[in-house]
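Engineer: Sequence first, then the predicted structure, then my questions.
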Amino acid sequence: MAAGPATPDGLIPPHALRWHRCQRVRGHGVASGQAAASPYPAGTIALQSPHFARLGLDLSSLYPGTLNLRVPGGRWQLQLPAWHIERLRWTSLHPPETFSFWPCLLRWPTGSPSPGPCPSPPPPLAGWIYRPDPATKARHHQPADQLEVLAPWIGALEQGLPLELGVDDRHCRWIPTAAQRGRVLEFLKFRVLAAQESFFTGFQGPEAATALRRWLARQGCREGSELDDSELLAVLQAARALYLDG
């Protein structure tokens, strides 16, 4: 970690920057304190930020609430955060939490209406992907295709307004699992039709997903390498239903 307050500006090398079209969706309202039943009326971000600042992560220029941004049809794979804070005790209401942060950019797609009085979209805004570790977070977990983003206040965003999220593709990868499952399923089609029930004999038991992943790699089907076990097992089930039982 760098010495001094950390900000996201300039932390994404141009060669690693990748943009993803996303939509704003409604969150739990706990980060900003807007949820009526929240035990944190001030909002969790406002309560956590002084602790982050004490440890060197400056969020003072960002709105004390999160944008919930969704990219349908896949899931996010986050690794090697730019900032990582272990077991922070920021409240007495539950055990300490672990937090990770990745720098990101936000912009409006070309041709979309811009917020405020400006006739053209403003330049990209720098922010942080904010991820409380699910293993230490008691509740309010996020779907796999959704990220929480801390950013400057950018006006009255309408529900569903499209945005583009710029991330470091080396550390924040969006995996298009729906498309990849479809391609693997199509890859299996004639192999299942040719072998019938015998095709599935090598992919049974607790190691079925691992065996299928290795077999797909040997066959040159790269899409299988990024699907997790549950996704591969779902492909096997769909292959049986479509090509044998159907």
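Structural biologist: That came through fine. Computed from a predicted model, the values in this text were never measured in an experiment.
Engineer: rest of the way, CA atoms for contacts and neighbours
Structural biologist: Fine.
Engineer: contacting residues for the residue nearest to V149 when sequence neighbours are not counted?
Structural biologist: Spatial nearest neighbour of V149, chain neighbours left out: I129 (4.5 Å); criterion: Cα to Cα, 6 or more residues apart in numbering. Counting by Cα atoms under 8 Å, 6 or more residues apart in numbering, I129 touches 101-104, 147-150.
Engineer: Among those, which ones are in strands?
Structural biologist: Of the contacts of I129, the ones assigned to strands by DSSP state E are 101-104, 147-150.
Engineer: now, among the residues you listed, which is nearest to S198?
Structural biologist: Nearest to S198 among the ones in strands among the contacts of I129 is L147, at 41.7 Å by Cα to Cα.
Engineer: and the closest one, bridged to which residues?
Structural biologist: On the basis of DSSP bridges, L147 is bridged to L69.
Engineer: List the buried residues in the helix or strand hosting A217.
Structural biologist: Using DSSP states H and E, A217 sits in helix 208-218. By 16 or more other Cα atoms under 10 Å, the buried positions in helix 208-218 come out as 208-210, 212-213, 216.
Engineer: What of stretch 233-246?
Structural biologist: Those would be 233, 235-236, 238-240, 243, for stretch 233-246 by 16+ other Cα under 10 Å.
Engineer: Ok, stretch 130-145 next?
Structural biologist: 130-133, 137, 142, 145.
Engineer: what's around L106, how many residues?
Structural biologist: A count of nearby residues for L106, using other Cα atoms under 10 Å, gives 22.
Engineer: wait, it sits on E164?
Structural biologist: Yes: here L106 reaches E164: they are 5.8 Å apart, a contact under Cα atoms under 8 Å.
Engineer: name the helices or strands packed onto the helix ranked longest in the chain?
Structural biologist: Assignment by DSSP state H gives helix 177-195 as the longest helix of the chain. Packing contacts for helix 177-195, counted by 3 or more Cα pairs under 8 Å, 6 or more residues apart in numbering; DSSP states H and E, involve helix 229-240.
Engineer: Other residues contacting stretch 203-223?
Structural biologist: Taking Cα under 8 Å, 6+ apart as the rule, stretch 203-223 contacts 180-181, 183-184, 187, 202, 224-225, 229-230, 232-233.
Engineer: Could you identify the most distant pair in the residues you listed?
Structural biologist: Q180 and G202 (21.6 Å).
Engineer: Just want to know which of these two has more residues nearby.
Structural biologist: Q180 (21 against 12).
Engineer: Since that was my last question, I'll sign off now.
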